[in-house]
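Chemist: starting from these lines, generate the structure:
(2 chains)
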Amino acid sequence: MDQLIELAYLAAAVLFILGLKGLTRPKSAVRGNLLGACGMLLAVVVTLMQRGLSFELIGGGVALGAVIGAVFATRVQMTAMPEMVALFNGFGGIASTLVAGVALTQLDTPGKPELIATALSGLIGAVTFTGSLVAWGKLAGVRKLDQIIVPMQHVTNAILLLMCLVMAYGVVNSSEHAVLCYWMLSAVAFVIGVTLVVSIGGADMPVVIALLNSYSGLAAAATGFVLGNTVLIISGSLVGASGLILTQVMCVAMNRSLTNVLFGRMGPKGDGPSADEVYANVKSTTADEVAMLLEVASRVVIVPGYGMAVSQAQHTVSDLRKLLVARQITVDFAIHPVAGRMPGHMNVLLAEADVPYESLREMDEINPTMEQADIAIVLGANDVVNPLARTDPNSPIAGMPIIDVDKARTVVVIKRSLSPGFAGIPNPLFAADNSLMLFADGRQAVQDIIKALNEG
Amino acid sequence: MPILLAETASASTDSFMLLLAIFVLAVFIGIEVIAKIPPTLHTPLMSGSNAISGITLVGAVMASQLDAGFMSKSLAFAAVTLATINVVGGFMVTHRMLGMFRRKD
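Modeler: This is a model prediction of the structure:
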């Protein structure tokens, strides 16, 4: 029987690997996701063959969880996807912590490796849980979270981590108080999750979400060590690896190290030019004028940012694209890897709005062709199109790869005001000779442009 | 008796080393499989792999034992429920998202 279970676990692990592989290609992604789900079903069903399980308890929990999960998954708006992913991540993390905690009371004579894994499971799972909840809150727009300042952040985190190590020592070496130490360890780890994530700003959220994704996998893998269960270890480490890759992609796209994102402070250094100097020659424009420019253009590049998500402008932008394409104008979307609040955020929103993914271009692909663009429309993006990243080595965003919209013949920036982006620095693009500012809400502005095009 | 203890300890260490080897190799497989992910699929990959991390549901099921005390049962029930939300919600939302990426013509 045990061998049968192990074989089924191996099959499930293979399904997960094939599933993840499928998810890396547009054509096979749907099948990949389904293969993953099949692997999960197989792994859970064969686990039920173990003796001594309470089916009432499992059936009840699965039924309840399935209903809640299904309701979330079918109701959530695509713009709320980052929050949703964060929340699910947190649930996985806390489940690992709970499982390891229960296992600690059920294992007969746990060896040192199992106990160390238990402590790790508690630590990582709990950090994932509260970290994800804070990320969820921040993404859902709970402003109070941004005002929380952790006093002496590095010192506080170091002390908390030290407390965790002491508790972990207790879990491993004190057979009498192991359970107590475990829950105290988890409690401190809950606090660490909050102090780590609460001070990280909105634009760094893609890194945080990817990292928490990785953690939830590592927590599951640690729980696998506790239970001596191979399928948990394999799938947990697959997820851990995939999260790490995404984290790295996001960090490279910002030219910042992971340490800098997690512990560094972003902000103006004081010696840069002031906003008044930079914005002395800003030219503002109207929707009618933009429509006239579009009428004579042959190639248009649209650069979306988080502002597009905030104003829910994706469907209107898609309408504008259709209108322009119908007039034989080429329309491309230039997507910066960290635009939005999670990896791939813009792609999901535009796909939801029926924009074919062939017209979504990556930064490296579109940059060499920016000079051939008649008009670049920047919609709710700021730091990712700031030319200071190329020109000013002292700027906080120096060296960050940007989309070279300034090389387009005309740049139209749709923005509500001249307020700075996340980096807190002025953007000389707004005052460039070939730039026009359209001060308005993103969706309203695009609607006005469409209206003007239809009338003209 | 001391010999017996030593033996169990070494058996436990052996199986731990095996599990550790599986872990390390699986990390490398994960990196190789996912390394060339196009940005369009970043979000679906994340939510899909997030659903897979709900594999801890298997652990939650194993923890749901008949002879467990009330406290353990409550914790196990919570773990089963939360992990199932992660799994079911994760796979379903990924499927929904991928539906939008399909060509509509």
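Chemist: can you list the domains in the chain?
Modeler: In the absence of a named chain, chain A is used. A:1-53, A:82-263, A:275-455 (automatic domain parsing).
Chemist: wait, chain B was what I had in mind.
Modeler: The record's domain split for chain B, according to automatic domain parsing, is B:1-36, B:39-105.
Chemist: what about B:F16, how many neighbours?
Modeler: Using other Cβ atoms under 10 Å in any protein chain shown, B:F16 is surrounded by 18 other residues. Glycine gets a C-beta too; all of them are placed from N, C-alpha and C.
Chemist: roughly how far apart are it and A:G92?
Modeler: 24 Å (Cβ to Cβ, to the nearest Å).
Chemist: can you check A:M49 too?
Modeler: 24 Å.
Chemist: neighbour count winner among these two?
Modeler: Taking neighbours as other Cβ under 10 Å, A:M49 and A:G92 compare with A:G92 leading, 35 against 12.
Chemist: confidence-wise, which of the domains of chain B is weakest overall?
Modeler: The minimum mean pLDDT among the domains of chain B belongs to domain B:1-36 (a mean of 76).
Chemist: wait, A:V301 touches A:I329, no?
Modeler: No. Using Cβ atoms under 8 Å, A:V301 is not in contact with A:I329, being 11.0 Å away.
Chemist: so the two - more neighbours on which side?
Modeler: Just comparing A:V301 and A:I329: by other Cβ under 10 Å the higher neighbour count belongs to A:V301, 24 against 18.
Chemist: quick one: strands adjacent to the host helix or strand of the more buried one?
Modeler: Assigned by DSSP states H and E, A:V301 belongs to strand A:299-304. In the sheet, strand A:299-304 lines up against strand A:330-335 (parallel), strand A:375-379 (parallel) (DSSP bridges).
Chemist: could you dump the longest one to CSV, C-alpha only?
Modeler: What follows is the C-alpha trace of strand A:330-335 in CSV, where atoms were taken according to Å, rounded to 0.1, in the frame of the first residue of the first chain:
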residue,chain,number,x,y,z
THR,A,330,-0.1,50.1,-36.3
VAL,A,331,-0.6,50.0,-32.5
ASP,A,332,1.8,48.3,-30.1
PHE,A,333,1.8,48.1,-26.4
ALA,A,334,5.2,48.5,-24.7
ILE,A,335,5.2,46.6,-21.4
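Chemist: got the buried residues for that strand?
Modeler: Within strand A:330-335, the residues that count as buried by 16 or more other Cβ atoms under 10 Å in any protein chain shown are A:331-335.
Chemist: please apply the same query to stretch A:203-213.
Modeler: For stretch A:203-213, by 16+ other Cβ under 10 Å, it's A:203-213.
Chemist: what of stretch B:33-44?
Modeler: Neighbour counts over stretch B:33-44 (16+ other Cβ under 10 Å) mark B:33-34, B:37, B:39-44 as buried.
Chemist: got those as CSV, with secondary structure and distance to chain A columns?
Modeler: Formatted as CSV, the buried residues of stretch B:33-44 follow (DSSP: H, G, I helix; E, B strand; the rest coil; distance: Cβ to the nearest Cβ, whole Å):
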residue, secondary structure, distance to chain A
B:V33, helix, 5
B:I34, helix, 5
B:I37, coil, 5
B:P39, helix, 6
B:T40, helix, 5
B:L41, helix, 6
B:H42, helix, 3
B:T43, helix, 4
B:P44, helix, 6
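Chemist: which ones are touching the residue in the stretch 301-450 of chain A that chain B sits nearest to?
Modeler: Across the stretch 301-450 of chain A, the shortest distance to chain B (Cβ to the nearest Cβ) belongs to A:G344, at 3.0 Å. Residues near A:G344 by Cβ atoms under 8 Å, 6 or more residues apart in numbering or on different chains: B:39-46.
Chemist: which residue is nearest the middle of chain B?
Modeler: Nearest to the geometric centre of chain B sits B:I55, at 3.1 Å (Cα atoms, centre = their mean).
Chemist: for that one, what are its contacts?
Modeler: A:16, A:40, A:43, A:220, A:231-232, A:235-236, B:87.
Chemist: swap in 6 Å and give it another go.
Modeler: Contact analysis of B:I55 by Cβ atoms under 6 Å, 6 or more residues apart in numbering or on different chains lists A:220, A:232, A:235.
Chemist: got the residues of the stretch 301-450 of chain A near chain B?
Modeler: Within the stretch 301-450 of chain A, the positions near chain B by Cβ under 6 Å from any Cβ of the partner chain are A:337, A:343-344, A:347-348, A:351-352, A:357, A:362.
Chemist: pipe the buried residues of strand A:330-335 into CSV and attach pLDDT per row.
Modeler: Shown next, in CSV, are those (pLDDT from 0 to 100):
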residue, pLDDT
A:V331, 96
A:D332, 95
A:F333, 95
A:A334, 95
A:I335, 93
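Chemist: and the helices in chain B, which stretches?
Modeler: B:2-34, B:42-53, B:56-63, B:70-84, B:90-101 (DSSP state H).
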